[in-house]
Every structure is written in structure tokens, then in C-alpha cells.
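Undergrad: Return a 3D structure for these sequence lines:
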Amino acid sequence: MTLRFVGIDPNTGGGGSPTVWVEEESADLVLQGEEAGEFLRAQVGGTEWVACHAVGIPAHETVIRIPARMVSVLREACDVAEQRARLR
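TA: Numbering: from 1, shown residues only. Down below sits the predicted model:
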């Protein structure tokens, strides 16, 4: 698996920071971010967001929080992923 680094939280202090990559072969976005707290996980996992879709967060998934200041980084990552997907 080859990751293409796209960007990191512009307000990073040098420690663990929200980061975005694109996986080159699949064009999937790979995100590192703050794990959502218990209240947010309960809200996400306890709401039927799409009719007839299972409620809950599967054991193999998690909810993360990416700060709004990273919107431009996510846009860039989406552009990279879209371009990458066209090449497949």
C-alpha cells in the first residue's frame, strides 16, 4: 500500500495531528484525527441517518473528528483521490 501525503492540520503543534493521505492504488482517503468522544459516538451510532440502514457503529469502524480548518486539505485530498480513481 502506497500512501500519498496530502496535508496536516495547519495548527499542528508537532504532536499527533489530523492528517490526510490518499492510498495510491485504491484512491481511498485515509484520515487521522481525534477519536470522537462518547457523546458524539452515541449520537452518530444511535441515529438512523438513512432509512432502512442499520443503526450503530460496526466494530471495525470508528468516528473521528477533523477540524473545520482542514476543509481545504480535505478538498485537495478529494481532488487527488478523484484523479487517482480515473487512472485505475
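Undergrad: What residues does Thr19 make contact with?
TA: Phe5, Gly7, Ile8, Asp9, Leu31, Gln32, Gly33 (C-beta atoms under 8 Å, 6 or more residues apart in numbering). Where you see a C-beta, it was placed from the backbone N, CA and C, and this is true even at glycine.
Undergrad: Just the buried residues from those, in PyMOL please.
TA: Those of those that count as buried under 16 or more other C-beta atoms under 10 Å are selected in PyMOL with:
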select buried, resi 7+9+33
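Undergrad: Return the subset of the contacts of Thr19 lying in strands.
TA: Phe5, Gly7, Ile8, Leu31, Gln32 (DSSP state E).
Undergrad: who's the residue nearest the centre of the chain bridged to?
TA: Nearest to the mean C-alpha position of the chain, counting by C-alpha atoms, centre = their mean, stands Leu31 at 3.9 Å. As for beta bridges, Leu31 partners with Val20 under DSSP bridges.
Undergrad: Wait, it touches Pro18, no?
TA: Yes. Look at Leu31 against Pro18 with C-beta atoms under 8 Å: they come within range, at 7.4 Å.
Undergrad: Would you mind giving the ones in strands among the contacts of Thr19 as CSV with distance to Ala51 added?
TA: Formatted as CSV, these follow (distance: C-beta to C-beta, whole Å):
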residue, distance to Ala51
Phe5, 38
Gly7, 35
Ile8, 37
Leu31, 27
Gln32, 32
